[in-house]
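[1] using only what follows, build the 3D model:
(4 chains)
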Number of protein chains: 2
Amino acid sequence: MSLVNVSEGASLALHGMALIARQQPQRLSVKYLAEKLHASQAHLAKVFQKLSKAKLVKSVRGPTGGFQLNKPADQITFWDIFRVIDGDKELGGCPFGKEYCAFHTCIFSKELNRISQDIYETFNKMKLSDFVGS
Amino acid sequence: MSLVNVSEGASLALHGMALIARQQPQRLSVKYLAEKLHASQAHLAKVFQKLSKAKLVKSVRGPTGGFQLNKPADQITFWDIFRVIDGDKELGGCPFGKEYCAFHTCIFSKELNRISQDIYETFNKMKLSDFVGS
DNA sequence: TACATTCAGGAACTTGAATACCGAAATAAA
DNA sequence: TTTATTTCGGTATTCAAGTTCCTGAATGTA
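    Here you go, the predicted structure:
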């Protein structure tokens, strides 16, 4: 796994959303997306339920149904998607979420928080519209 | 949790090693370290077993026993310790460890791998001797 | 209307990493 | 030699993410 904390679910969300963005304005079904991504249909369905509740996508039931973007692709960032699935991450404070520390001045937070900030800014800069041609 | 992937075990290893470095040349017991770090004695013991096998520390049994550094503190980096505990991380390639991808040119690896490289370099730059005064 | 397709969502199961437990072995000190 | 202390290492447990299963609800098509 990577040094950056991105869950399987978040990966599915990001890739799935990018596929939908690429096919706009057509909507895509979970079944199609799962095949395309070589992923579990059940898991992908759960992920898109969350994205739907977060209003990032709109769901349409029945034949010819599926999911479509709820906003223009250039108004949805990597971070918007990521936070819906792996949403409990903290940027500042103790990198390990501890109350007590044996050190007076934290030996890790300075560098780790710099990197966390970098990750946030990078994710926040990447828009779905950037992936349309990929 | 932080955006950077550091397990509880790796955190214990890093903090424990820093404490030992600070007390050199005295060796410290798991019991003492666990109290100092408000951590599980059992887990800390496991972590130090691994560090011991990796020759980063030397173990001494019996009363007055404990763990001590096996090399000078300025020759042990954050990365040396980290990789022993969370050692299966990959820097290049697919950030999600996938074989197949629905995109011709990976939409994520460029930025994520840049950040992973940054994390590696940062960890590799931090030496135990840097924490002695903390 | 009847039917096939698709999303919604609860619940149970699986799996692997992380964490905890416990008896054994080593050793310093009394 | 006995006792207390400490690491060693196998095993067991816990926990959360991922997965599967199932029933229900919406909706286009014949």
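[2] what about the helices in chain A?
    A:8-23, A:30-37, A:41-53, A:78-85, A:109-125 (DSSP state H).
[3] show me what the fourth one is packed up against.
    Using 3 or more C-beta pairs under 8 Å, 6 or more residues apart in numbering or on different chains; DSSP states H and E as the contact criterion, the elements in contact with helix A:78-85 are helix A:8-23, helix A:41-53, helix A:109-125. For glycine as for every other residue, the C-beta is placed from the backbone atoms N, C-alpha and C.
[4] now look at the second one and say if it contacts chain B.
    The one in question is helix A:41-53. No: contact of helix A:41-53 with chain B is not found when judged by C-beta under 8 Å from any C-beta of the partner chain; the minimum separation is 12.3 Å.
[5] ditto for the last one
    Yes: where contact is defined by C-beta under 8 Å from any C-beta, part of helix A:109-125 touches chain B, namely A:E111, A:L112, A:I115, A:S116, A:D118, A:I119, A:Y120, A:T122.
[6] CSV for the helices of chain A, including mean pLDDT?
    What follows is the helices of chain A, written out as CSV (pLDDT from 0 to 100):
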stretch, mean pLDDT
helix A:8-23, 92
helix A:30-37, 93
helix A:41-53, 94
helix A:78-85, 93
helix A:109-125, 90
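[7] could you dump these into JSON lines and include mean neighbour count and distance to DNA strand C?
    Listed next are the helices of chain A as JSON lines, based on neighbours: other C-beta atoms under 10 Å in any protein chain shown; distance: least, C-beta to the nearest atom of the strand, whole Å:
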{"stretch": "helix A:8-23", "mean neighbour count": "21", "distance to DNA strand C": "10"}
{"stretch": "helix A:30-37", "mean neighbour count": "17", "distance to DNA strand C": "4"}
{"stretch": "helix A:41-53", "mean neighbour count": "17", "distance to DNA strand C": "4"}
{"stretch": "helix A:78-85", "mean neighbour count": "21", "distance to DNA strand C": "13"}
{"stretch": "helix A:109-125", "mean neighbour count": "17", "distance to DNA strand C": "17"}
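[8] hmm, back to that, out of the residues of helix A:109-125 next to chain B, which comes closest to B:A13?
    Distance to B:A13 across the residues of helix A:109-125 next to chain B (C-beta to C-beta) is lowest for A:L112, with 15.1 Å.
[9] leaving out chain neighbours, which residue sits closest to A:D130?
    Among residues not flanking A:D130 along the chain, B:I107 sits closest, at 7.7 Å (C-beta to C-beta, 6 or more residues apart in numbering or on different chains).
[10] what does chain A put close to DNA strand D?
    Residues of chain A lying near DNA strand D by C-beta under 7 Å from any atom of the strand: A:7-9, A:39-43, A:45-46, A:60-65.
[11] just flag the most distant two among these.
    A:S7 and A:P63 (31.9 Å).
[12] spatially central residue for chain A, please.
    A:F82 (2.5 Å; C-alpha atoms, centre = their mean).
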